[in-house]
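S.K.: Here is the input, now give the coordinates:
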Amino acid sequence: MTDPAAVYANVDHTSSITRSGQASSLPPPVILYLPPGPLLSYPRPFPVASILAANVASTVVQIDYRLGLGHKYPAPVHDVLFGYDWVLRNLVGTHPLHGSARIGVFGELVGGGLATMLALTECHSRGHRIAAAAANDPILDWIFPEAVANEISQIPSSSSRAKKNDKSAFWLEMQRDPALMEMIKARPSLFRKPADWFDPFASPTLFFRSAGISVPTDHAIDEFDEISRLNQQDFLREQRQLSAITLADSSNTTDDEEAQKKPRKASTRFPNVGSGLTLPSLQLMTADHGMFHEQAAEMIHLTHRSMVRTDELRHADPDIAVMHAQERATHVIREPDSKYWHEGWDRGIADVAQWFREVL
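M.R.: Next comes the predicted model:
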């Protein structure tokens with residue numbers, strides 16, 4: 001368990017609270033900022049919280065969650081949730097005329113996944129809630145490499161060559177993404193055991209669907225062993241396709257029979273009817289290809305489906321429900337040469353601020 005005193009000290013003393021100088025008749029919205037974390041991080045010449053506060057009439061709180069150096073998942077999840085509770089206790093107005101607080105959250109990379117997790121679990125229909133969440137290159141699915149490899153292995157031998165080639169080409173493209181390799185190498189140092197990255201609070205995509213693969217029961221393995229294992233799986237699949245013969249296992253099952261036994265992705269109704277949750281506005285920003293793009297595209301698709309389903313339960317017109325979902329959850333594609341906001345990062349932050357002004 002996380003030590004509450006340690007988290008409070010982290011949120012209260014090392015996290016920055018930046019207030020906008022703009023006046024308003026209503027309490028300003030509160031925006032939480034969750035930094036990129038130890039994976040693929042890059043320095044910024046100015047604090048992001050200051051840029052946000054300069055562009056939005058708001059109180060911006062940076063939560064420096066702990067990850068690495070002895071603090072593995074679920075420690076950052078506990079820190080972010082405790083930090084959010086601290087904000088509710090100390091920064092949100094309680095005057096009845098003010099109603100529910102206007103709270104947003106913005107995160108990047110690891111912080112982007114945590115921001116999405118917080119938004120999906122703290123979007124209560126009544127009372128204070130996360131009303132809007134934005135994320136830049138969020139990590140939404142820590143089991144992504146295994147899941148993609150497993151989907152390829154489940155293609156029946158009777159499927160068309162074009163379908164197999166498309167899937168194989170997609171996986172080859174993913175393997176060339178340095179972000180994917182960095183994620184694979186980082187997992188043993190960020191998680192206590194492989195089963196921990198199957199937690200929806202770490203991989204928020206799993207709120208909407210099952211993992212599609214079995215939860216590992218073994219201990220964490222060496223990062224190079226894991227990359228080697230994935231490459232070996234690719235090699236065996238290629239050999240089966242080239243030779244057009246089945247490599248029988250000890251039970252002599254066929255590829256088709258084996259595929260039927262393997263877990264498959266299945267949608268999950270989220271939020272559940274009666275949960276008291278209403279999905280917030282969501283904006284995810286990525287490049288036009290790569291791991292982050294694929295994860296964000298799937299998250300937006302799953303969010304749209306959930307929003308439409310909820311609107312239809314409320315007897316909304318199906319076409320209107322689709323339109324509302326597309327307005328509330330968007331996938332923004334950055335300029336082709338923009339990678340992790342190395343260039344023009346301040347303009348990207350200003351765009352996020354503009355979005356928060358519109359939705360909060």
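
S.K.: where do the strands sit along the stretch 151-300 of the chain?
M.R.: Ranges of strands within the stretch 151-300 of the chain are 281-286, based on DSSP state E, counting those that start in this stretch.

S.K.: Show me where it dips below the pLDDT cut-off.
M.R.: Counting by pLDDT under 70, the ranges of the stretch 151-300 of the chain that qualify are 151-168, 170-171, 217-262.

S.K.: Secondary structure element holding Trp86?
M.R.: Assigned by DSSP states H and E, Trp86 falls within helix 75-90.

S.K.: dump the residue contacts of Ser306.
M.R.: Phe208, Arg269, Phe270, Pro271, Leu279 (Cβ atoms under 8 Å, 6 or more residues apart in numbering). Where C-beta positions appear, they are placed from N, C-alpha and C, glycine not excepted.

S.K.: from these, which would you call buried?
M.R.: Applying a neighbour-count criterion of 16 or more other Cβ atoms under 10 Å, the buried members of the contacts of Ser306 are Phe208, Phe270, Pro271, Leu279.

S.K.: what's the closest non-adjacent residue to the first one?
M.R.: Setting aside the residues directly before and after it, Phe208 is nearest to Leu302 in space (Cβ to Cβ, 6 or more residues apart in numbering), at 3.9 Å.

S.K.: That neighbour: what's it in contact with?
M.R.: Counting by Cβ under 8 Å, 6+ apart, Leu302 touches Thr205, Phe208, Arg209, Ser267.

S.K.: again, only using 7 Å
M.R.: Taking Cβ atoms under 7 Å, 6 or more residues apart in numbering as the contact definition, Leu302 lies against Thr205, Phe208, Arg209.

S.K.: Backbone torsions only: list them for Val30.
M.R.: phi -110, psi 130 (degrees, to the nearest 10).

S.K.: Any idea how many residues pack against it?
M.R.: 24 (other Cβ atoms under 10 Å).

S.K.: Let's have the buried ones among the contacts of Ser306 in JSON lines, adding distance to Asp137.
M.R.: Converted to JSON lines, the buried ones among the contacts of Ser306 look like this (distance: Cβ to Cβ, whole Å):
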{"residue": "Phe208", "distance to Asp137": "20"}
{"residue": "Phe270", "distance to Asp137": "23"}
{"residue": "Pro271", "distance to Asp137": "25"}
{"residue": "Leu279", "distance to Asp137": "21"}
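
S.K.: which parts of stretch 119-129 are buried?
M.R.: Across stretch 119-129, burial judged by 16+ other Cβ under 10 Å covers Ala119, Leu120, Thr121, Glu122, Cys123, His128, Arg129.

S.K.: My guess is Glu298 contacts Thr205. True?
M.R.: Yes - applying Cβ atoms under 7 Å as the test, Glu298 and Thr205 come out as touching, 6.3 Å apart.
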